[in-house]
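Q: need coordinates for the following:
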Amino acid sequence: MAERTRLTAVETVREEGSWLFTIEDRHGDREEVILVPCEDDGAEVKAWVNVCPHEAQRLDPGFGATIREEGIVCPRHGSLFEPCTGDCDNGEAAGTTLRPVETVVELGSVYLVDEDARFRHAGGIGSGDGDDGDDDMPGSTSHIGF
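A: Numbers count the residues shown, from 1 in each chain. Below you'll find the model as predicted:
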């Protein structure tokens, strides 16, 4: 699959706190992915499948992931995932790690480069392409923060 697709600007992810998009895998299954700012390791942003590995809870329910200084908050149990590594060391999800999606940043833009994923649209499943959901759902740049 290995297509290189421009997703958004790094500045958009920083300003909004997260950016949601939908991918399709080799089998045609769709998954939501969140981009989050990551300053600690110089990567600028990281992409994670939009699911808490503890109980398959969406981290971004469609109107923005809750981001605190410490990390990405799971809305079900309050576990915090480190935005640069995806690791969780607290709460019900302690010892789990978010599943990464490969991206690169070049000249201020974020590109999807994951060989197992094809970009479908900005926003979550059921938004953006009109073929499987409600187009009135919030978009990829809606955000909740504390």
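
Q: do you have the strands of the chain handy? List them.
A: Using DSSP state E, the strands of the chain run over 5-9, 19-24, 30-38, 44-49, 66-68, 71-73, 80-81, 100-101, 103-106, 109-112, 118-122, 144-145.

Q: isn't Ile23 right next to Asp29, touching?
A: No: with contact defined as Cβ atoms under 8 Å, Ile23 does not count as touching Asp29 (9.3 Å). The C-beta positions use only the backbone N, C-alpha and C, and glycine is treated the same way.

Q: and these two? Which one has more around it.
A: More neighbours surround Ile23 than the other of Ile23 and Asp29, with 23 against 8 (other Cβ atoms under 10 Å).

Q: and the more buried one, what does it touch?
A: Neighbouring residues of Ile23 by Cβ atoms under 8 Å, 6 or more residues apart in numbering: 30-33, 101, 112, 114, 117-120.

Q: dump those residues to a markdown table, plus distance to Val49.
A: Listed next are the contacts of Ile23 as a markdown table, based on distance: Cβ to Cβ, whole Å:
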| residue | distance to Val49 |
| --- | --- |
| Arg30 | 11 |
| Glu31 | 6 |
| Glu32 | 7 |
| Val33 | 6 |
| Val101 | 6 |
| Leu112 | 13 |
| Asp114 | 11 |
| Ala117 | 10 |
| Arg118 | 15 |
| Phe119 | 14 |
| Arg120 | 14 |
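
Q: closest one to Glu92 out of those, please.
A: Glu32 (20.9 Å; Cβ to Cβ).
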